[in-house]
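Q: give me a model of this one.
(one chain, ligands or ions: 2)
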Amino acid sequence: MIESTIAAIRPLDEPAMVAAGELHGRLTKPAGSLGALEELSVRLAGLAAACPPPLPEPAAVAIFAGDHGVHAQGVTPWPQEVTAQMINNFLAGGAVVNAFARQAGASVTVVDIGVATPLPPAPQAGAATPGGGANSAAPRLVSANVRRGTRDLAVTAALTRDEARAAVETGIRIARELIDAGAGILLTGDMGIGNTTPAAALVAVFTGVDPAEATGRGTGVDDPTYARKIGVVRAALARHAPDPADPLGVLAAVGGLEHAALAGLILGAAARRVPVLLDGLIAVSAALAAAAFAPDAVGAMVAGHRSAEPGATAALHHLGLDPLIDLGLRLGEGTGALLALPVVAGAVRVLHEVATFDSAGVAEK
Ligand SMILES: O=C(O)c1ccc[n+]([C@@H]2O[C@H](COP(=O)([O-])O)[C@@H](O)[C@H]2O)c1
Ligand SMILES: Cc1cc2nc[nH]c2cc1C
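A: Residues are numbered from 1 along each chain as shown. Ligands and ions are numbered 1, 2, ... in the order given. Below you'll find the model as predicted:
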């Protein structure tokens with residue numbers, strides 16, 4: 001399923017991009033005056049192979065949650081149980097992601113891909129329900145636990161290749177379900193105490209930057225914890241020597257289940273030519289894996305924001321993506337992607353609704 005998904009990912013459609021660029025030149029605004037929104041809307045036309053591309057709605061956030069054996073190394077001050085407790089908060093609608101999803105009119109799907117603490121079984125709901133607004137469906141839990149947390153990557157491989165594959169395939173399946181249910185854009189979310197450590201390792205492997213540059217303070221670790229965290233990432237790279245040309249092997253050695261599933265979500269969206277709006281460090285580390293599986297998947301990626309984590313900037317640079325907003329966020333959950341959603345929608349709406357100089361009777365220069 002990974003292989004067939006990769007095979008379905010194709011380059012952007014040039015004629016649609018040319019048409020969108022020409023249309024921009026005829027709209028009632030000085031050429032180039034919408035800055036990065038113009039490039040974004042042209043790219044989304046290329047992704048959809050249509051000018052104008054469809055409005056990116058309804059929007060669906062998928063939050064992948066997992067735990068991490070590397071927690072035992074003292075790389076985060078938070079207890080592991082917080083991952084499961086925050087899932088309950090997501091399902092009750094009380095987290096920041098819920099507030100932002102209501103604001104943006106997006107649905108929220110929470111996927112237990114590898115939480116250590118047992119959760120109440122999810123009701124066997126039918127199809128996914130993207131969409132939102134005041135009457136949107138309640139957040140939904142999908143139970144797809146591959147294992148109750150990864151192994152400690154400081155000691156051994158975090159996952160077997162089969163476990164990593166199962167998580168990637170779940171991400172692909174969630175993308176398909178959300179798109180089949182009508183989603184016009186997918187947003188990445190994550191929850192996992194300790195997950196900035198494997199994210200930093202993934203960034204270091206795929207971009208080649210030094211672990212000290214890829215590693216940040218996560219939820220806000222103190223100086224001794226930060227130094228230990230860099231040492232853990234450096235030692236893990238030396239121990240496993242992951243090959244960046246083998247993304248499944250990299251995810252298995254030093255990744256996490258939510259990172260692997262997010263890579264699958266991105267591949268699944270790219271294969272269906274639906275945009276995927278990336279959140280912070282964990283999302284962009286997964287995006288590096290997705291790009292290693294299928295370089296053309298980058299065409300479907302929109303960088304929602306620049307996380308305060310230094311590894312996120314290294315990853316975005318490697319992917320050639322400019323983030324839409326830069327507010328110093330470092331929360332995760334999908335919050336930065338949700339804040340960027342109106343920017344993406346605005347970029348596309350311009351191509352649908354703005355009058356041309358001709359039609360509006362406005363003189364050109
Ligand atoms: O999205 C980001 O850039 C981001 C940056 C720092 C922390 N987080 C979130 O914080 C948690 C991991 O932080 P830590 O310090 O426990 O590794 C996890 O639940 C992430 O969603 C997320
Ligand atoms: C409270 C809390 C909320 C979070 N949301 C995403 N990561 C998180 C980490 C913590 C600790």
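
Q: residues in contact with the residue in the chain that ligand 2 sits nearest to?
A: Nearest to ligand 2, among the residues of the chain, is G332, at 4.1 Å (CB to the nearest ligand atom). The C-beta positions use only the backbone N, C-alpha and C, and glycine is treated the same way. With contact taken as CB atoms under 8 Å, 6 or more residues apart in numbering, G332 is in contact with G189, D190, M191, N195, D279, G280, L281, I282.

Q: return the per-residue confidence for I113.
A: pLDDT for I113: 98.

Q: does it count as helix, strand or coil?
A: strand (DSSP: H, G, I helix; E, B strand; the rest coil).

Q: so it touches A62, yeah?
A: No: contact criterion CB atoms under 8 Å: I113 and A62 do not qualify, at 10.1 Å.

Q: for the residue of the chain closest to ligand 2, helix, strand, or coil?
A: When classified by three-state DSSP, G332 comes out as coil.

Q: tell me the phi and psi of it?
A: Dihedral pair for G332: phi 80, psi -150, per degrees, to the nearest 10.

Q: what do I113 and A62 both touch?
A: Common contacts of I113 and A62 (CB under 8 Å, 6+ apart): G171.

Q: which parts of the stretch 1-150 of the chain are strands?
A: Remark: strands assigned in the stretch 1-150 of the chain by DSSP state E, counting those that start in this stretch are 59-66, 106-114, 140-143.

Q: show me what contacts A201?
A: Counting by CB under 8 Å, 6+ apart, A201 touches L153, P211, A214, V233, A236, L237, V254, G255.

Q: selection in ChimeraX covering whichever of the residues you listed are buried, please.
A: Command for ChimeraX that selects the buried part of these, burial taken from 16 or more other CB atoms under 10 Å:
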select :153,211,214,233,236,237,254,255
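
Q: looking at the contacts of A201, which two lie furthest apart in space?
A: P211 and G255 (14.9 Å; CB to CB).

Q: from G21, how far off is the closest residue to A291 other than its chain neighbours?
A: Counting by CB to CB, 6 or more residues apart in numbering, A291 lies nearest to V298, which is 5.3 Å off, once chain neighbours are set aside. Remark: distance between V298 and G21 (CB to CB, to the nearest Å) = 19 Å.

Q: which one's more surrounded, the two?
A: Higher neighbour count among V298 and G21: V298, with 20 against 15, using other CB atoms under 10 Å.

Q: was I right to think the more buried one contacts L321?
A: Yes: with contacts counted by CB under 8 Å, V298 reaches L321, the gap being 7.3 Å.

Q: just confirm yes or no for stretch 297-311 near ligand 2.
A: No: counting by CB under 6 Å from any ligand atom, ligand 2 has no neighbours in stretch 297-311; the shortest distance is 11.8 Å.

Q: ugh, typo on my part, it should be stretch 184-191
A: Yes: when contact is scored as CB under 6 Å from any ligand atom, part of stretch 184-191 falls within range of ligand 2: M191.

Q: G208: neighbour count?
A: Neighbour count for G208, taken as other CB under 10 Å: 12.

Q: next, count neighbours for the residue nearest to it when sequence neighbours are not counted.
A: Once flanking residues are discounted, G208 sits nearest to P244: 7.8 Å by CB to CB, 6+ apart. Residues near P244, counting by other CB under 10 Å, number 16.

Q: double-check P244 against A204; I have them as touching.
A: No: when contacts are counted by CB under 8 Å, P244 is not listed as touching A204 (9.9 Å).

Q: residues from the stretch 101-250 of the chain in reach of ligand 2?
A: With CB under 6 Å from any ligand atom as the criterion, the stretch 101-250 of the chain meets ligand 2 at residues M191, T219.

Q: residue of the stretch 101-250 of the chain closest to ligand 1, please.
A: For the stretch 101-250 of the chain, CB to the nearest ligand atom, closest residue to ligand 1: G218, 2.4 Å.

Q: what comes up buried for stretch 12-28?
A: For stretch 12-28, burial by neighbour count (16+ other CB under 10 Å) applies to L12, D13, A16, M17, A19, A20, L23, H24, L27.

Q: which residues in the stretch 151-300 of the chain form helices?
A: Secondary structure of the stretch 151-300 of the chain by DSSP state H, counting those that start in this stretch: the helices cover 161-180, 196-207, 211-214, 223-240, 247-254, 257-271, 281-293.

Q: close to ligand 1, is the fifth one?
A: Which is helix 247-254. No: using CB under 6 Å from any ligand atom, helix 247-254 stays clear of ligand 1, coming no nearer than 13.9 Å.

Q: relative to V254, how far out is the nearest residue to G280 once chain neighbours are set aside?
A: Distances taken as CB to CB, 6+ apart place S307 nearest to G280, at 3.5 Å, with adjacent residues excluded. Shown here: S307 relative to V254, a distance of 19 Å by CB to CB.

Q: the closest residue to ligand 1 within the stretch 1-150 of the chain - how many residues pack around it?
A: Ligand 1 sits closest to T76 of the stretch 1-150 of the chain, with a gap of 3.2 Å, by CB to the nearest ligand atom. Per other CB under 10 Å, the neighbour tally for T76 reads 24.

Q: now it. Its backbone dihedrals?
A: The phi/psi pair for T76 (degrees, to the nearest 10) reads phi -150, psi 140.

Q: report the contact partners of the residue lying closest to it once chain neighbours are set aside.
A: Distances taken as CB to CB, 6+ apart place G194 nearest to T76, at 4.9 Å, with adjacent residues excluded. Neighbour list for G194: D67, H68, V70, H71, V75, T76, W78, Q80 [criterion: CB under 8 Å, 6+ apart].

Q: please repeat the previous calculation with a cut-off of 10 Å.
A: Counting by CB atoms under 10 Å, 6 or more residues apart in numbering, G194 touches 66-76, 78, 80, 82-83, 149-150, 218-219, 229, 256.

Q: appreciated, that's everything.
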